[in-house]
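1. Structure for the following, please:
(chains A and B)
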Amino acid sequence: MSTPTPPQPPARPRLGVFKFASCDGCQLTLLDCEDELLGIAAELEIAHFLEASSEAAPGPYDLVLVEGSVSTPEHVERIRRIRADARHLVTIGACATAGGVQALRNYADVEGYLATVYARPDYIETLATSTPVSAHVPVDFELRGCPIDRGQLVEVITAFLAGRKPAIPNHSVCFACKRRGNVCVTVAHGTPCLGPVTHAGCGALCPTYGRGCYGCFGPAGTTNLPALVPLMQRDGMSEEDIGRFLHTFNVTAFTAVEEQGQPGVTDAEGPG
Amino acid sequence: MSDPAPRYQELRIPSLARVEGETALHLRIHDGTVTEARLKIYEPPRFFEAFLRGRAHTEPPDLTSRICGICPVAYQMSACRAIEDACGVVVDGQLAALRRLLYCGEWIESQTLHIHMLHAPDFLGEDDVIGLSRSYPEHVKRGLRLKQTGNAVVELLGGRAIHPVNVRVGGFHRAPPRAELRPLEERLRTALDDAWDTVRWVAGFEFPDAECDADLLALAEEGTYAIESGVPTVLPYDETLPPYSFPLRDFTDHVAEEQVSHSTALHSRLDGRRHLTGSLARWAVSGYLLSPLALEAAREAGLGDPLSRAGVGRAEVCRNPYRSILVRSVEVLYAVEEALRIIAEYERPASPYVEVPARAGIGHGATEAPRGLLYHRYAFDGGGRVTDARIVPPTAQNQGAIEEDLRRLVQAGLDRGEGSEAELTRLCERAVRNHDPCISCSAHFLELDIERTH
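-> Residues are numbered from 1 along each chain as shown, chains lettered A, B, ... in the order given. Just a heads-up that it's a prediction; the model follows:
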């Protein structure tokens, strides 16, 4: 530039938010951080966040948040390009972390699904699967939830800015439920609850509202699913009911637990 | 002379911002005339209607809420109504009031999100809410406060603002005691002032002239502004045709969906004509049923007086899609008032839900999502398993009207000599945002792709 410029503040890390197959809810969680939003914007340059801004700047980005699962041939290419542009890549939510609710197709006849929804299935381009981002590119951190929790999202962003690993506990919903002082819905009321095998993060919302956890944060770090199944049967669930209960919002992750006894998503190292 | 204009031009704009979801636009321009405007919706199919099959009758509210993170309550409410209809159960009294309260929370937060974060920046020359927070800091703070109050209502009744967990077929898992709602009252009273100030702020925006020549479709409910129930009611664009209603069970006879090759979202037509749902349609059909305070705000904001035409069954009609932001802010004010009214009259019901025993049958449910009429239909077998599901979201219905809007706007822009890529993109993006489309319902990835021939 020919004219002298005033001293510039140090460059802020650049944030990119990208969406794949999803409902937009996890991105919306960022906009729902009403108290923190302007503070976050002061610390991070929001370079690419289409849901929020017309300003869509090209990469590279220091922090990339990815929402949604990979479900079309174009997605496979796009996630690779985004990874190449991202210093740290964090998946946000069940779709990006475990394929989401739409991964139900992975266990079904996709041609049949297409014919159910569309009169002309031949117009539609889709993959037979809905897969997590980690099935395609390396991921630095996976934030669970359908949707993610606002507090956990702020923690992930704060940890990134501080250059440390996010303090996201890997324990089950039961821990949060006890901490909240809830009476156990399974013990007291015989209500089937996935709390013992589900990753914490929601604050044990469902038991607090008197219903059983339905597993929207996916499997906890260590789970003992075989021990829970007889309890659910005792409380009146058939094998088929239990199958549907587990195979909903984090279908691929719970399936991996059933098949290998281990969560299908692993805690990757955090940024920093 | 400069180079002769090329006979064929193609223009691509990578994405449409500040809408929920992503989509593309394809324009064909021949000799300065827009011959075609198509929204190319690339939503990767998510197959909700397919995988609902075989699920228990209690499951659609949680499952379908995942169609949209911005209006999950709308999905839960339409699903509940359809299932209860199939099972022959009516949820009324305080449980119905609680549902309306929950829905008011979603209206407040979702409409406020659209007004402040997605739409207002267009009128004030900013790229986003962050830019807006520099030029209008107090207005943005007010918007965030208002949105937070809407979220607080949904969080209290639903557990969380996105994909609430407390809704179930027949009512709620837990009905709050009266005392729990009290802290909301204070926030809502502040919100009432914030909402009124928002109407005044928005009323000062500059609104380009435009008219949407589509039939207007909204639910109508006797004695109240329809939100969580009502009868589909049509105000034809052709004013010589009378307004009419039809039973919800006939919805798909009137609103026919068809698949088009350029979009994964289905297109629909109302009795063979283009139609629009959403705030403009609601205001036209039920405006006269708004509260006195909301009506006063509407009149002050220049929306006119629907009471003057209430006797003839037509509210004062606003067909300018740019002014939808005004109707939305009036609706926020109304939703705040409604929330206060429901809380004041609330008494905890004896049970948080009514039993909804499964049975074979078909049920229909429709409610007014912030973006417009959302219809669900489920068929169940004797064991209460879903055998068929049909979901018609507002954005899919509005697609035809949006395309026509875009065609006219681009044409007007070209006629004024605004033919550059940047100008046309700006015009089109604004036009799409006017309708607050919720493209995840149906769609993804906007790419403006202009083909020009001479």
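2. Please count neighbours and contacts with C-alpha atoms only from this point.
-> Fine.
3. now residue 221, nearest residue through space, not along the chain?
-> Assuming you mean chain A. Spatially, and ignoring its direct neighbours in sequence, residue A:221 is nearest to residue A:170 (5.2 Å; Cα to Cα, 6 or more residues apart in numbering or on different chains).
4. Chain B is the one I meant
-> In this structure, residue B:221 finds its nearest non-sequential neighbour in residue B:230, 4.6 Å apart by Cα to Cα, 6+ apart.
5. tally of neighbours for the one you found?
-> Per other Cα atoms under 10 Å in any protein chain shown, the neighbour tally for residue B:230 reads 20.
6. which one is whichever residue of chain B sits closest to chain A nearest to, not counting chain neighbours?
-> Closest contact between chain B and chain A, by Cα to the nearest Cα, is at residue B:69 (3.7 Å). Spatial nearest neighbour of residue B:69, excluding adjacent residues (Cα to Cα, 6+ apart): residue A:25 at 3.7 Å.
7. Please report phi then psi for that neighbour.
-> Backbone dihedrals for residue A:25, given as degrees, to the nearest 10, come out at phi -70, psi -40.
8. isn't it right next to residue B:70, touching?
-> Yes: between residue A:25 and residue B:70 there is a contact at 6.3 Å, judged by Cα atoms under 8 Å.
9. Mutual contacts of those two, please.
-> Listed as contacting both residue A:25 and residue B:70 by Cα atoms under 8 Å, 6 or more residues apart in numbering or on different chains are residue B:162.
10. Tell me what residue A:89 is bridged to.
-> Beta-bridge partners for residue A:89, by DSSP bridges, are residue A:64.
11. doesn't residue A:64 make contact with it?
-> Yes: in this structure, residue A:89 is within contact of residue A:64 by Cα under 8 Å, at 4.8 Å.
12. surely the residue nearest to residue B:221 meets residue B:219?
-> Yes: using Cα under 8 Å, residue B:230 is in contact with residue B:219, at 4.8 Å.
13. Common neighbours of these two, please.
-> Residues touching both residue B:230 and residue B:219 by Cα under 8 Å, 6+ apart: residue B:367.
14. Show me where the chain dips below the pLDDT cut-off.
-> Let's take chain A. In the predicted model of chain A, residues A:1-9, A:118-124, A:261-272 satisfy pLDDT under 70.
15. that's the other chain; I wanted chain B
-> B:1-22, B:41-44, B:259-267, B:309-315, B:439-454.
16. Pick out the residue nearest the middle of it.
-> residue B:371 (0.4 Å; Cα atoms, centre = their mean).
17. any idea how far residue A:98 is from that one?
-> Distance, residue B:371 to residue A:98, using Cα to Cα, to the nearest Å: 29 Å.
18. What about the residue of chain A found nearest chain B, how many residues nearby?
-> Per Cα to the nearest Cα, residue A:25 is where chain A lies closest to chain B, at 3.7 Å. Counted by other Cα under 10 Å, the residues lying close to residue A:25 total 29.
19. re earlier: mind listing what the residue nearest to residue A:221 touches?
-> Counted by Cα under 8 Å, 6+ apart, residue A:170 has contacts A:199-200, A:220-221.
20. Mind telling me what element residue B:140 is part of?
-> helix B:137-158 (DSSP states H and E).
21. list the helices and strands that helix packs on?
-> Here helix B:137-158 touches helix A:34-43, helix B:93-112, helix B:129-135, helix B:178-203, going by 3 or more Cα pairs under 8 Å, 6 or more residues apart in numbering or on different chains; DSSP states H and E.
22. any idea which of those is most buried?
-> Ranked by mean neighbour count, the helices and strands packed on helix B:137-158 are led by helix B:93-112 with a mean of 25 (mean count of other Cα atoms under 10 Å in any protein chain shown).
23. and the helix or strand just after that one, which residues are buried?
-> Proceeding N to C from helix B:93-112, the next assigned helix or strand is helix B:120-123, under DSSP H and E. Residues B:120-122 are the ones in helix B:120-123 that count as buried (16 or more other Cα atoms under 10 Å in any protein chain shown).
24. any idea which of those residues is closest to residue B:155?
-> Residue B:155 has its nearest neighbour among the buried residues of helix B:120-123 in residue B:120, at 25.7 Å by Cα to Cα.
25. which ones are touching the closest one?
-> When contacts are counted by Cα under 8 Å, 6+ apart, residue B:120 touches residue B:202.
26. For residue A:144, which non-adjacent residue is spatially closest?
-> Distances taken as Cα to Cα, 6+ apart place residue A:93 nearest to residue A:144, at 4.8 Å, with adjacent residues excluded.
27. For the one you found, the count of nearby residues, please.
-> Residues within reach of residue A:93, counting by other Cα under 10 Å, total 32.
28. May I have the phi/psi pair for it?
-> Dihedral angles for residue A:93 - degrees, to the nearest 10 - are phi 100, psi 170.
29. pretty sure it contacts residue A:150?
-> No: contact between residue A:93 and residue A:150 fails when scored by Cα under 8 Å: they sit 11.2 Å apart.
30. mind listing the strands for the stretch 151-300 of chain B?
-> With strands called from DSSP state E, counting those that start in this stretch, the stretch 151-300 of chain B shows them at B:167-168, B:171-172, B:215-220, B:231-235, B:244-245, B:255-258, B:267-270, B:275-276.
31. Just send these back as TSV, with mean neighbour count and distance to chain A too.
-> Shown next, in TSV, are the strands of the stretch 151-300 of chain B (neighbours: other Cα atoms under 10 Å in any protein chain shown; distance: least, Cα to the nearest Cα, whole Å):
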stretch	mean neighbour count	distance to chain A
strand B:167-168	24	10
strand B:171-172	24	9
strand B:215-220	27	24
strand B:231-235	22	24
strand B:244-245	13	28
strand B:255-258	16	8
strand B:267-270	22	11
strand B:275-276	28	22
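32. in what helix or strand does residue A:91 lie?
-> strand A:86-92.
33. what about residue A:89, how many residues close to it?
-> Counted by other Cα under 10 Å, the residues lying close to residue A:89 total 27.
34. So it versus residue A:154, what's the distance?
-> Distance of residue A:89 to residue A:154, given as Cα to Cα: 15 Å.
35. repeat for residue B:215
-> 44 Å.
36. got the contact list for residue B:224?
-> Contacts of residue B:224 were listed using Cα under 8 Å, 6+ apart, and they are B:286, B:289-290.
37. from the residues you listed, which single one is nearest residue B:434?
-> Using Cα to Cα, residue B:286 comes nearest to residue B:434 of the contacts of residue B:224, at 20.2 Å.
38. so how many other residues sit close to the closest residue to that closest one other than its chain neighbours?
-> Spatially, and ignoring its direct neighbours in sequence, residue B:286 is nearest to residue B:225 (5.7 Å; Cα to Cα, 6+ apart). Around residue B:225 there are 24 other residues, counting by other Cα under 10 Å.
39. Please consider this matter closed, and thank you.
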